[in-house]
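1. give me coordinates for this.
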Amino acid sequence: MGERKKTTIFISHRSIDKTIADMLVDFFSGTGIPCENVFCSSLPGNDVKEKISSEVREALKNSAINIVILSGDYYQSAYCLNEAGVIWYLNNIPVITIALPEIVPENMHGFLNNEHKLRRLDSDGDISYIYDAVKEAVSAPDKKHSIITHQTSKLKSRYAELLKTRNTTDHEAKIFTPQSPTSFNTDDERIILYYILQNDVRKIQKSVLEEWLQDEEIYRVNVDNAFDLLSAREYAKADSEALELDIDFFNYLVSNKETLRPELEDCVRGHQELAACKFMNLWKDNSFDDTKKLFIAYIVDRGIYKIGGGWKSEEQINDINDWENEYLISSDLKTTYQDILIFLIKNELIYESDWTTHGNPREYSFCSSLKRLLLSCPSDLLSELNQVKQAYRLF
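-> Predicted structure coming up:
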């Protein structure tokens, strides 16, 4: 049994532009295209939600042709932009982009960018194209030329009357011209924008961002400064806890991802200092004496990557003592623990991960790359650790 023929004419638009969608429906009806085939996305509340409703999703699945009414208001709606993304993804379904006066190729962005030809409802040629494309998509019967001419004139007249009452400046779309990441003045901004592109999010919590910086071992980044600068440029709204990008700016970033990401990534790498690399360089330079090597052996054997500081140091020292008794090792680890802790902190191999109620560190965690290195301890490093343990065995 063959696939069921698609007959839906899907019209995507902002609810404020519903009058224009209604004009199109009347035009189709007047030219012999059944209006029951038309599905308009201006269902109650559609332009204020962020997820595509099941009814709209089903209509898109069955669409024979998709029509998008682009306006400044359309580009301001997260819901409409999501709908545009689905339409773009269905690249085997014809798309007609009808533009209101404020939309020009230079300010088209997101999924429906200037790769799509704009059609105008004040142009006989464009209206003729819209009619031919829709008629063919839904296999509607031909109508007399005089009927098409009359309905075209009627549509143009209604559209012209609407424009007289519409203040275009109230609906203008923001224009983001292509720019290099180097046009952002600080690395702080570039690194935050890189995070946004990597995760495809436009709302980020400061705490989540700082956790990412820590996990990726990216240093010398002033998150507050980035939030302040991006909001001052009117690219975002920010407070002390979170940043929310302007939807147009976010879509500009996403649509230019492949151009922007390489340069932003170079900036990130310039701030990334992997603890695993530092550790191996210090090891090769003999910066680890036998006592420090024994401590690393203890970490690897125990499989622990959080160690105590402050009043929790005593708990750690007791565990070290248990480990020494288990392996019959005699060393000064108990007395040199604080010196080892200072060495690890100074070389940024560990970081503060828990604090007392007074804000004093009571726990440290190994940096992510070093944790991964020690979890899968290379055979040559493991051999050295075993040799040091053997040298300090009691018998």
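
2. now do the helices in the stretch 51-200 of the chain.
-> 54-61, 72-76, 78-89, 124-138, 145-164, 187-199 (DSSP state H, counting those that start in this stretch).

3. what angle do the first one and helix 78-89 make?
-> Angular relation of helix 54-61 and helix 78-89 on a 0 to 180 degree scale: 30 degrees, by axes from the mean of the first three to the mean of the last three Cα atoms, to 10 degrees.

4. just to revisit the earlier point, in a markdown table: the helices of the stretch 51-200 of the chain, plus mean neighbour count and distance to residue 231.
-> Where you see a C-beta, it was placed from the backbone N, CA and C, and this is true even at glycine. Shown next, in a markdown table, are these (neighbours: other Cβ atoms under 10 Å; distance: least, Cβ to Cβ, whole Å):
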| stretch | mean neighbour count | distance to residue 231 |
| --- | --- | --- |
| helix 54-61 | 15 | 33 |
| helix 72-76 | 23 | 18 |
| helix 78-89 | 20 | 19 |
| helix 124-138 | 17 | 40 |
| helix 145-164 | 14 | 35 |
| helix 187-199 | 21 | 11 |
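
5. ranking those by mean pLDDT, which is last?
-> Lowest mean pLDDT within the helices of the stretch 51-200 of the chain: helix 54-61, at a mean of 78.

6. pull out the buried residues from whichever strand or helix holds residue 370.
-> Element membership for residue 370 (DSSP states H and E) is helix 368-375. Buried residues in helix 368-375, counting neighbours by 16 or more other Cβ atoms under 10 Å, are found at 368, 369, 370, 371, 373, 374.

7. same question for stretch 111-123.
-> 111, 112, 113, 116, 118, 119, 121.

8. other SSEs contacting the worst-scoring helix or strand of the chain on mean pLDDT?
-> Averaged element by element with mean pLDDT, DSSP states H and E, the chain has its least confident helix or strand at helix 54-61 (a mean of 78). Counting contacts by 3 or more Cβ pairs under 8 Å, 6 or more residues apart in numbering; DSSP states H and E, helix 54-61 is packed against strand 8-12, helix 78-89.

9. one more time with 10 Å
-> Here helix 54-61 touches strand 8-12, strand 38-40, helix 78-89, going by 3 or more Cβ pairs under 10 Å, 6 or more residues apart in numbering; DSSP states H and E.

10. what is the helix or strand just after the helix holding residue 370 packed up against?
-> For helix 368-375, the following helix or strand on the C-terminal side (DSSP H and E) is helix 379-391. In terms of contacts (3+ Cβ pairs under 10 Å, 6+ apart), helix 379-391 is packed against helix 275-284, helix 290-302, helix 313-327, helix 368-375.

11. now what about the very next helix or strand once past the longest one, what contacts it?
-> Going back to what we said before, that points to helix 313-327. For helix 313-327, the following helix or strand on the C-terminal side (DSSP H and E) is helix 333-346. Helix 333-346 has contacts (Cβ atoms under 10 Å, 6 or more residues apart in numbering) with 275, 279, 282, 287-289, 291-292, 294-298, 307-309, 313-314, 316-318, 320-321, 323-324, 332, 349-352, 361, 364, 366-367, 370, 392.

12. swap in stretch 273-289?
-> The set of residues external to stretch 273-289 that reach it, using Cβ under 10 Å, 6+ apart, is 216-220, 292-296, 336, 340, 343-344, 347-351, 366-374, 378, 381, 384, 388.

13. next, the buried residues of it.
-> Of the residues in stretch 273-289, 274, 275, 276, 278, 279, 288 count as buried by neighbour count, 16+ other Cβ under 10 Å.

14. now swap in stretch 10-26 and tell me
-> 10-18, 20-21, 23-25.

15. any low-confidence regions in this protein?
-> Along the chain, segments meeting pLDDT under 70 span 1-5, 41-53, 168-183.

16. still on that earlier bit, reformat the helices and strands packed on helix 54-61 as JSON lines; add distance to residue 269.
-> Shown next, in JSON lines, are the helices and strands packed on helix 54-61 (distance: least, Cβ to Cβ, whole Å):
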{"stretch": "strand 8-12", "distance to residue 269": "40"}
{"stretch": "strand 38-40", "distance to residue 269": "48"}
{"stretch": "helix 78-89", "distance to residue 269": "30"}
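
17. so which of the ones you listed is nearest residue 134?
-> Closest to residue 134 of the helices and strands packed on helix 54-61 is strand 8-12 (Cβ to Cβ; 5.9 Å).

18. parallel or antiparallel, list what pairs with that closest one.
-> For strand 8-12, sheet partners with direction are given as strand 38-40 (parallel), strand 63-70 (parallel), following DSSP bridges.

19. closest to residue 150 out of the buried residues of stretch 10-26?
-> Distance to residue 150, by Cβ to Cβ, is smallest for residue 23 among the buried residues of stretch 10-26, at 14.5 Å.

20. picking up where we left off before, off-centre distance for the helix holding residue 370?
-> Centroid separation for helix 368-375 versus its chain: 27 Å, with Cα atoms, centre = their mean, to the nearest Å.

21. and if you look at stretch 274-290?
-> Relative to the centre of its chain, stretch 274-290 is centred 36 Å away, using Cα atoms, centre = their mean.

22. residue 267 touches residue 195, doesn't it?
-> No: taking contacts as Cβ atoms under 10 Å, residue 267 lies outside contact range of residue 195: 11.5 Å.

23. overlap of the contact sets of the two?
-> The contact lists of residue 267 and residue 195 share residue 218, where a contact means Cβ under 10 Å, 6+ apart.
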